[in-house]
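In: kindly generate the corresponding structure for this input.
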Amino acid sequence: MPPILRLSPHPPATETLLRSCMLVLWFMMGVAIYGAPPSPTETVMPLERTAAIALYLGFGVALWFNTRHIAPHALERASMALLAFQAACGFTLHTDLLYLVAAQIPLALPGRAALTWIVCQTALLFVWILLLDSLGAPLQFMQLPQLPHLAVILMTDLGVFAGHGFAFFMGYLAASEARGRRAAERINAELEATREMLAQNTRAAERNYIARELHATLGHHLVALKVNLELAQHLAQAPNSTALSDSFDLVCRLLADVRAVVGQVRSAPNVDLRGALHTLLAGISECTVHLDFPEALDIRDPGLCHILFRCVQEGVTNTLKHSGARGVWVSFGAQQEDLVVTVRDDGRGCDTPDDGNGLTGMRERLAMAGGSLEIATGAGRGFTLTARLPGAIRRVDSARMRPEADAGGAA
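Out: Alright, predicted model coming up:
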């Protein structure tokens, strides 16, 4: 079985630094909250304190997991569950933890969902503070005795909400920067891969042009010269003429050399599709990409390579935009004489896929080469695109054997 190339994303340094700062802040909050001994007026049971510390540690673990991959393009149930757990810890253990939750919301959720979450969390915190105050809980408010108690609560909450908003928008800026950088990296990789394909197509066209010109001009003239020398040998008065024999042998060798050159020019690899795909997929950092391209599969036709390259590019782009997947699998294979290319992800899928401009363009490109596109998906079952080109393996093999035939046949 051919080796599988695995391209794993590496978190940028800025994301790692942001994550480290949040974890350090969580640790220092824990030291301040649970490091100091309880005051004489507090009666905390050992079991209750142990449970609180366990929840606090769970908050840190959830924070660590939720900031591994920031700025997703789609909602993820796991991220929402971890955020809900952390928010619950903030309401029950210490409301200062909600600052970390506020900063983490835009890192773990897409734009609209993040904004909705912070608004709901802020409203719930306001109601929670009013409830605790009505129950006589020891809360710290601004020292403003000249104002009514409700006004003091509102002023204190306004400062708290401003802090939450600041933390939220700092996280939002970090998430926007991460999304912009990933998009720039992906576009740069697409441009680089496209540049490679264009350069390879240009070189292939130049090679084919040189081979055709050698075949059409020099080769034909040498054949005519060979025929004339052979005729001259028959018509010569001296049958054993050394000059004619040497000239005839020289033309034969020269004609064989021209045939060999034409064969070598045409037999050189035209387009490195595997290398272009490697460049394209290396620019993706939102998820892990697996590329399975057998070494034995040697696709040289520039037109076919261009179609396959664009199909893979559109399939991966479709996954990044809509599926929220953690992994994408791109595989090339052969089923008898058919070439099969599959792009599969582990995203959320859908029950009724809609053919947008991207999928329509894939169908049109494949139809030009006599191929077809199949879609397999379902809610929670990912999305799979299968491009099938009937008889492409036979054409690939014929293209591989043609230079050898050209080298051994007539120029």
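
In: okay, helices next: where are they in this protein?
Out: 13-34, 46-66, 77-92, 97-108, 111-134, 149-213, 220-235, 242-267, 273-282, 302-322, 357-368, 392-408 (DSSP state H).

In: would you tell me which of these gets closest to residue 328?
Out: Of all the helices of the chain, the one in closest proximity to residue 328, counting by C-beta to C-beta, is helix 302-322 (5.3 Å). Backbone N, C-alpha and C define where each C-beta goes, glycine included.

In: that closest one: how far from the chain's middle?
Out: On the basis of C-alpha atoms, centre = their mean, to the nearest Å, helix 302-322 sits 12 Å off its chain's mean C-alpha point.

In: state the mean pLDDT of that helix.
Out: Regarding helix 302-322, the rounded mean pLDDT is 84.

In: going by contacts, tell me the helices and strands next to that helix.
Out: helix 149-213, helix 273-282, strand 327-335, strand 338-345, helix 357-368, strand 383-389, helix 392-408 (3 or more C-beta pairs under 8 Å, 6 or more residues apart in numbering; DSSP states H and E).

In: reformat these as JSON lines; add distance to residue 29 and mean neighbour count.
Out: As requested, the helices and strands packed on helix 302-322 are arranged in JSON lines below (distance: least, C-beta to C-beta, whole Å; neighbours: other C-beta atoms under 10 Å):
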{"stretch": "helix 149-213", "distance to residue 29": "13", "mean neighbour count": "16"}
{"stretch": "helix 273-282", "distance to residue 29": "39", "mean neighbour count": "21"}
{"stretch": "strand 327-335", "distance to residue 29": "35", "mean neighbour count": "18"}
{"stretch": "strand 338-345", "distance to residue 29": "38", "mean neighbour count": "21"}
{"stretch": "helix 357-368", "distance to residue 29": "46", "mean neighbour count": "15"}
{"stretch": "strand 383-389", "distance to residue 29": "41", "mean neighbour count": "21"}
{"stretch": "helix 392-408", "distance to residue 29": "61", "mean neighbour count": "15"}
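
In: mean pLDDT lowest for which of these?
Out: Looking at these, the bottom one is helix 392-408 with a mean of 52.

In: re the thing from before, can you put the helices of the chain in TSV and add distance to residue 143?
Out: Formatted as TSV, the helices of the chain follow (distance: least, C-beta to C-beta, whole Å):
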stretch	distance to residue 143
helix 13-34	21
helix 46-66	28
helix 77-92	24
helix 97-108	22
helix 111-134	15
helix 149-213	8
helix 220-235	103
helix 242-267	87
helix 273-282	58
helix 302-322	52
helix 357-368	61
helix 392-408	79
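
In: what residues go with each domain of this structure?
Out: For the chain, automatic domain parsing gives the domain ranges 5-140, 186-396.

In: tell me how far residue 208 lies from residue 343.
Out: Look at residue 208 and residue 343: by C-beta to C-beta, to the nearest Å, they are 30 Å apart.

In: again, but for residue 161
Out: 45 Å.

In: would you list the helices and strands packed on helix 302-322 in JSON lines and tack on distance to residue 86?
Out: Formatted as JSON lines, the helices and strands packed on helix 302-322 follow (distance: least, C-beta to C-beta, whole Å):
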{"stretch": "helix 149-213", "distance to residue 86": "13"}
{"stretch": "helix 273-282", "distance to residue 86": "34"}
{"stretch": "strand 327-335", "distance to residue 86": "26"}
{"stretch": "strand 338-345", "distance to residue 86": "28"}
{"stretch": "helix 357-368", "distance to residue 86": "37"}
{"stretch": "strand 383-389", "distance to residue 86": "30"}
{"stretch": "helix 392-408", "distance to residue 86": "52"}
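
In: correct me, but residue 365 touches residue 310?
Out: Yes - the criterion here is C-beta atoms under 8 Å, and residue 365 meets it with residue 310 at 5.9 Å.

In: who wins for proximity to residue 334 among the helices of the chain?
Out: Here helix 392-408 is closest among the helices of the chain (C-beta to C-beta), at 5.0 Å.

In: buried residues, stretch 93-102. List them.
Out: 93, 94, 95, 97, 98, 99, 100, 101, 102 (16 or more other C-beta atoms under 10 Å).

In: which of the residues you listed sits closest to residue 339?
Out: Nearest to residue 339 among the buried residues of stretch 93-102 is residue 101, at 50.2 Å by C-beta to C-beta.

In: the closest one touches residue 84, doesn't it?
Out: No - contact criterion C-beta under 8 Å: residue 101 and residue 84 do not qualify, at 9.7 Å.

In: could you check how far residue 15 is from residue 357?
Out: Distance check for residue 15 against residue 357: by C-beta to C-beta, it reads 32 Å.

In: local confidence estimate at residue 269?
Out: We have a pLDDT of 56 for residue 269.

In: correct me, but residue 277 touches residue 343?
Out: No - counting by C-beta under 8 Å, residue 277 stays clear of residue 343, with 11.1 Å between them.

In: overlap in contacts of the two?
Out: Common neighbours of residue 277 and residue 343 (criterion: C-beta atoms under 8 Å, 6 or more residues apart in numbering): 312, 330.

In: ok, back up a step: export the domains of the chain to JSON lines and tack on distance to residue 152?
Out: Listed next are these as JSON lines, based on distance: least, C-beta to C-beta, whole Å:
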{"stretch": "domain 5-140", "distance to residue 152": "10"}
{"stretch": "domain 186-396", "distance to residue 152": "44"}
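
In: who wins for proximity to residue 374 among the helices and strands packed on helix 302-322?
Out: Of the helices and strands packed on helix 302-322, nearest to residue 374 by C-beta to C-beta is strand 383-389, at 4.3 Å.

In: neighbouring contacts of the closest one?
Out: Identification of contacts with strand 383-389 by C-beta under 8 Å, 6+ apart yields 304, 308, 311, 315, 318-319, 322-323, 325, 335, 338-345, 347, 349-350, 353, 359, 362, 366, 369-377.

In: taking the centroid of this protein, which residue is nearest it?
Out: Geometric centre of the chain, nearest residue: residue 284, 3.3 Å, by C-alpha atoms, centre = their mean.
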